[in-house]
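Asker: Sequence and predicted model, in that order:
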Amino acid sequence: GDESANEKLGLGMADAVIGQMSKLKEIRVLPTSAVLKLKREAEDPLLAARALKADAVLTGTVQRSGDRIRVSVQLVDGRTGRALSSDKFDETFTNVFAIQDSISSQITKALAIDLTADQRKQVTKRYTKSTEAYNAYLMGLHFYNKRSKEGLEKAIDYFSQATQLDPDYALAYALLADCYCLQEYYTFVPAGQATNNGKTAAERALLLDDSIAEAYVAMAMVQGFEGDYRTSMESLRRALELNP
């Protein structure tokens, strides 16, 4: 229903902002997987801050109705609970990428981070212009994070849809590659079965955009499966350089 759809959209928005902010060396941003572990704490920014040992927490709500999207976000000081910034957006869904850019911009302003021209370009970087492809990506992200056999199979279907809708969607290719690798890692499929698919998707992601950390992580898994551990470690180091 609508609540489930809004939850997936909220996860996608959080993941996008985390991805944008993690490109800045001045701050350390925790990954989506860390946030997903919070259920009870998520309703209280101070509890979330303590659980994550975070100086600040971005919290908010996302609602979609038809072609409209309503987003309310607040950056909260993790020690005092004081609001560092607060914003509300009421836009058509096609403007979802602009909303994510605005949120990231407000965070940097609230934290008094002066961005260089290159950093500003990285923070506002968009991996797709297609809202249909983005919708498929959101569904893929939802099932990808379940890490179950059925979840990874569904994630592969949705990430594949995203790449079909936008053949230049590098981030979707990167997570598609990771899904194939995770299938083999968790022994959901016979050894070697997913390696070729994972390698093809990872290579495609890196060909489209060699600045995506997730693509190097997936490629590192492929290289590890192939026994090329030195190159695998090089890929992981490159991933860490791109996203600490």
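Answerer: Received, thanks. Numbering: from 1, shown residues only.
Asker: Confirm that Leu75 lies within a helix, as I assumed.
Answerer: No - using DSSP: H, G, I helix; E, B strand; the rest coil, the secondary structure at Leu75 is strand, not a helix.
Asker: Thought Ser104 was touching it, still the case?
Answerer: No - judged on CB atoms under 8 Å, Leu75 makes no contact with Ser104 at a distance of 11.0 Å. Bear in mind the C-beta positions are built from the backbone N, C-alpha and C, glycine included.
Asker: Just list the residues touching Ile212, thanks.
Answerer: By CB atoms under 8 Å, 6 or more residues apart in numbering, the contact set of Ile212 is Ala170, Leu171, Ala174, Ala205, Leu206, Leu242.
Asker: Just give the closest residue to it, not the sequence neighbours.
Answerer: Ala174 (5.2 Å; CB to CB, 6 or more residues apart in numbering).
Asker: Relative to Ala136, how far out is that neighbour?
Answerer: 15 Å (CB to CB, to the nearest Å).
Asker: neighbour count winner among these two?
Answerer: More neighbours surround Ala174 than the other of Ala174 and Ala136, with 27 against 24 (other CB atoms under 10 Å).
Asker: So that one lies in a helix, does it not?
Answerer: Yes - per three-state DSSP, Ala174 lies within a helix segment.
Asker: hang on, the earlier thing: which of the contacts of Ile212 lies closest to Thr131?
Answerer: Leu171 (14.9 Å; CB to CB).
Asker: element containing the closest one?
Answerer: Per DSSP states H and E, Leu171 falls inside helix 170-185.
Asker: And the next helix or strand past that helix?
Answerer: Per DSSP H and E, the first helix or strand lying C-terminal to helix 170-185 is helix 195-208.
Asker: what angle do the helix or strand following that following helix and helix 195-208 make?
Answerer: Using DSSP H and E, the helix or strand that follows helix 195-208 in sequence is helix 213-225. Calculated by axes from the mean of the first three to the mean of the last three CA atoms, to 10 degrees, helix 213-225 forms an angle of 140 degrees with helix 195-208.
Asker: What is helix 213-225 packed up against?
Answerer: Under the contact criterion of 3 or more CB pairs under 8 Å, 6 or more residues apart in numbering; DSSP states H and E, helix 213-225 touches helix 170-185, helix 195-208, helix 229-242.
Asker: same question for the last one, mean pLDDT?
Answerer: When you say that, I think you mean helix 229-242. For helix 229-242, mean pLDDT rounds to 95.
Asker: Now tell me what touches stretch 176-196 from outside.
Answerer: Contacts of stretch 176-196 (CB under 8 Å, 6+ apart): 140, 144, 147, 149, 152, 155-156, 159-160, 163, 197-202, 205, 214-215, 217-219, 221-222, 225-226.
Asker: any idea how far it is from the chain center?
Answerer: Offset of stretch 176-196 from its chain centre (CA atoms, centre = their mean, to the nearest Å): 20 Å.
Asker: repeat for stretch 106-116
Answerer: The answer for stretch 106-116 is 20 Å, by CA atoms, centre = their mean.
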